[in-house]
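Peer 1: Predicted model, plus sequence, below.
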Amino acid sequence: MFLQIHYLTSYHASLLNRDDAGLAKRIPFGGAPRLRVSSQCQKRHWREWLLKQTDLPRGFRSRHFFSRILKPRLMEAGMDEEQAHELILHLAKGILTAAGEKDALDKETLEMKQPVLFGQPEAEYLLALLKEAAAQQDPKAFLDQKIREGKKNFQALLREAGLKDPAAGFEGALFGRFVTSDVLARVDAPVHVAHAFTTHALQTEVDFFTVVDDLACDEETGAAHANDMELGAGIFYGYVAVDVPLLVSNLTGCEREEWRGQDHSDARRLLERLVQAITQVTPGAKLGATAPYAHAECVLLEAGDAQPRSLANAFLDPVRLSRQQHPIAQSAAAMADYLNRLEGMYGGNGERRFLSSLHPWPREQEPALPLPQAIDGALEAVFGGGA
């Protein structure tokens, strides 16, 4: 079962996502360059918004998990700093060491080479483990034994300690976790996010700006500072596909095939919030200079068992903006036309669709609904009437 989210959002002059040269990210598609917003950028902003919207356990994607989460908590609990440092270093090496990764963290700072996602339940478990180790006659031998047990089933150890899933936090349940650790479980991502791109050819301008010195004397003319930045505007098509059974498995710890028999309340609430984030949270930089806030104006939700497929190719031939039709209506019409042609070629696939749009949608099969009603309809189609 998949939930697919297609959306069209128009942004005014802004710099949503920059490359290493400070220019707006772009991609050639269909022979024309387009503005682009990376999936990493979008997920980062959705995640920050979701942190305020859910009471599910969170995660920490950081290089400083051991030094800024575990160590201060141990010292607050009364452990000597030197002992806390030594035990954390021993534990972290045991958890992170994998083939070819002998020095996964700095001995002095406890900083990891790469950010790793740890969930709040995992943090609580590791804290309890370190406290228990400190009370042993040979703390390191005790930790070594626990690490060996963790290699067999770290999730089971968490559950035995009374800590519920999702072990890697709701972020890990949504967006996955890649680790080479022998202990920490790799979490496959059920939420697949495409890079958003403009439905039409690239449109950017270089904005030259100056700064006036408030304390300059009358004879001191000219700007105190001058610079420029690239700004872009356009209608972005975005696409997200959610593997719902995998999401339920990540949240509950069940096998993927057993998702139907689980309590869906957390997954349902999380998906509702995720769609709200996708359609209403801006992936913007330069907030103070561009106020890049916008909502999606056309949202199509699809629920069904068929293989997901993007509608990006509706814009392979870039939309040529016309004065005879609203620019977003042109993009919505291109998306609807492409959907018609796919159905003409492959036939209907049993998908149930729910539309919310400010603009005309040429297909009669999907009447426009208020967004909350469209989300409810899609989630009913995914989970059925029960929670």
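Peer 2: The structure has been received and is ready for your questions.

Peer 1: Residue 303 - nearest residue in space that isn't next to it in sequence?
Peer 2: residue 381 (3.8 Å; C-beta to C-beta, 6 or more residues apart in numbering). For the C-beta atoms, the positions are set from N, CA and C on the backbone; glycine is no exception.

Peer 1: gap between stretch 270-284 and the chain center?
Peer 2: Centre-to-centre, stretch 270-284 and its host chain are 10 Å apart (C-alpha atoms, centre = their mean, to the nearest Å).

Peer 1: Quick one: mean pLDDT over it.
Peer 2: When pLDDT is averaged over stretch 270-284, the result is 93.

Peer 1: This protein: helices as residue ranges?
Peer 2: 39-51, 65, 71-76, 81-96, 120-134, 139-160, 169-175, 244-252, 265-280, 287-290, 327-346, 371-383 (DSSP state H).

Peer 1: could those be laid out in a markdown table, adding mean neighbour count?
Peer 2: Formatted as a markdown table, these follow (neighbours: other C-beta atoms under 10 Å):
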| stretch | mean neighbour count |
| --- | --- |
| helix 39-51 | 18 |
| helix 65 | 25 |
| helix 71-76 | 16 |
| helix 81-96 | 18 |
| helix 120-134 | 19 |
| helix 139-160 | 16 |
| helix 169-175 | 27 |
| helix 244-252 | 23 |
| helix 265-280 | 20 |
| helix 287-290 | 12 |
| helix 327-346 | 17 |
| helix 371-383 | 19 |
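
Peer 1: Is it possible to get CSV of those that adds distance to residue 188?
Peer 2: Below are these laid out as CSV (distance: least, C-beta to C-beta, whole Å):
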stretch, distance to residue 188
helix 39-51, 15
helix 65, 21
helix 71-76, 30
helix 81-96, 20
helix 120-134, 17
helix 139-160, 14
helix 169-175, 10
helix 244-252, 6
helix 265-280, 15
helix 287-290, 33
helix 327-346, 27
helix 371-383, 19
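
Peer 1: which ones are touching residue 377?
Peer 2: Applying C-beta atoms under 8 Å, 6 or more residues apart in numbering, we find residue 377 in contact with 301, 352, 354, 369.

Peer 1: OK, contacts around the third one?
Peer 2: With contact taken as C-beta under 8 Å, 6+ apart, residue 354 is in contact with 300, 301, 303, 366, 369, 373, 374, 375, 377, 378, 381.

Peer 1: Least confident of the helices of the chain, on average?
Peer 2: When I compare the helices of the chain, helix 139-160 is least confident, with a mean of 75.

Peer 1: still on that earlier bit, tell me how far the residue nearest to residue 303 lies from residue 300.
Peer 2: Computed as C-beta to C-beta, to the nearest Å, the residue 381 to residue 300 distance reads 13 Å.

Peer 1: With residue 129 instead?
Peer 2: Distance, residue 129 to residue 300, using C-beta to C-beta: 47 Å.

Peer 1: ditto for residue 204
Peer 2: From residue 204 to residue 300 the distance is 28 Å (C-beta to C-beta).

Peer 1: neighbour count winner among these two?
Peer 2: residue 300 (25 against 17; other C-beta atoms under 10 Å).

Peer 1: Give me the spatial nearest neighbour of that one, chain neighbours excluded.
Peer 2: residue 6 (4.3 Å).

Peer 1: these two touch, right, that neighbour and residue 309?
Peer 2: No. If you go by C-beta atoms under 8 Å, residue 6 and residue 309 don't touch, sitting 10.5 Å apart.
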